[in-house]
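**Q** below: sequence and its predicted model.
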Amino acid sequence: MSSGSRRLEDMTRIIDQMDYHRVMVFANMKTSVRQLCDRLHKQGRSVDCLHGDIPQSQRNQVMTGFREGKFEILVATDVAARGIDVDDVEAVFNYDIPDENEYYLHRIGRTGRAKRHGVAYTLVSTITEEMRMDDIQKTIYQKAFDFRASHVEKCDDWEEFKAKIGTGKFLLCHWDGTAETEQKIKDETKATIRCIPVDSFVCEEEGKDIYSGKPSKQRVVFAISY
């Protein structure tokens with residue numbers, strides 16, 4: 001949670017503490033982009049901006065400059081940032097929560113490209129904004145895990161499950177439905193594992209929990225990665 005008056009301070013503290021040098025910052029309005037860029041510039045930071053009032057020729061220069069590393073922070077609106085293709089962005093900041101859910105995906109997709117590590121931060125200061133983020137996340141997860149049979153592999157063996165870690169696979173498994181078992185799986189595998197219950201995968205045929213071996217009729221999809 002970041003209060004409105006401290007939002008800039010919180011963002012720059014993260015940038016400095018994490019030693020980021022390739023950063024994109026998104027705001028919703030042209031005036032916000034200009035003001036934020038000016039405030040960062042007054043702090044002595046290497047920054048430029050993109051918004052709808054900037055002529056296309058100047059936009060091209062700014063995009064080329066960011067791509068070539070001539071400045072470290074690019075502040076932009078969603079529309080103005082379209083077409084930017086930079087593989088080594090270290091962090092994305094949602095200074096404002098986007099108006100459209102799809103914009104959030106486009107924003108955070110600017111970092112972590114080409115198998116590089118990337119981080120996205122969203123600065124939230126009100127309960128309303130927290131609720132807005134909850135809505136965005138629900139929409140994203142629903143789209144991201146629009147499961148089709150061809151995208152999901154059945155897995156009923158614990159050793160096979162562990163062997164799939166790091167592959168980015170979606171594994172359809174029996175699960176006893178307890179948070180305790182889910183945590184044990186995470187602890188033992190040392191992997192990032194998200195459990196996604198899917199109603200259509202709840203089946204009458206009883207199987208065994210992928211980890212504990214306990215009887216289970218519930219089937220869920222585990223999305224696993226390092």
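**A** Now that the structure is in, tell me what you want to look at.

**Q** C-alpha only now, for contacts and for neighbours.
**A** Will do.

**Q** G207 contacts P215, correct?
**A** Yes: using CA atoms under 8 Å, G207 and P215 qualify as a contacting pair, with a distance of 5.7 Å.

**Q** give me the more crowded residue out of those two.
**A** Per other CA atoms under 10 Å, whichever of G207 and P215 has more neighbours is G207, with 19 against 14.

**Q** show me the beta-bridge partners of the more buried one.
**A** S216 (DSSP bridges).

**Q** and it, how close does it get to I54?
**A** From G207 across to I54, the span is 61 Å (CA to CA, to the nearest Å).

**Q** please apply the same query to E180.
**A** 54 Å.

**Q** for E72, same thing?
**A** For E72 relative to I54 (CA to CA), the value is 19 Å.

**Q** check M131 too.
**A** Taking CA to CA, one finds M131 at 33 Å from I54.

**Q** following element in sequence after the strand or helix carrying M24, please.
**A** In the assignment (DSSP states H and E), M24 maps to strand 23-26. Next helix or strand after strand 23-26 toward the C-terminus (DSSP H and E): helix 30-42.

**Q** C-terminal to the helix ranked longest in the chain, what's the next element?
**A** Assignment by DSSP state H gives helix 127-144 as the longest helix of the chain. Of the helices and strands lying after helix 127-144 in sequence (DSSP H and E), the nearest is strand 152-154.

**Q** what strands flank that following strand, and is each parallel or antiparallel?
**A** Per DSSP bridges, strand 152-154 is paired in its sheet with strand 170-174 (parallel).
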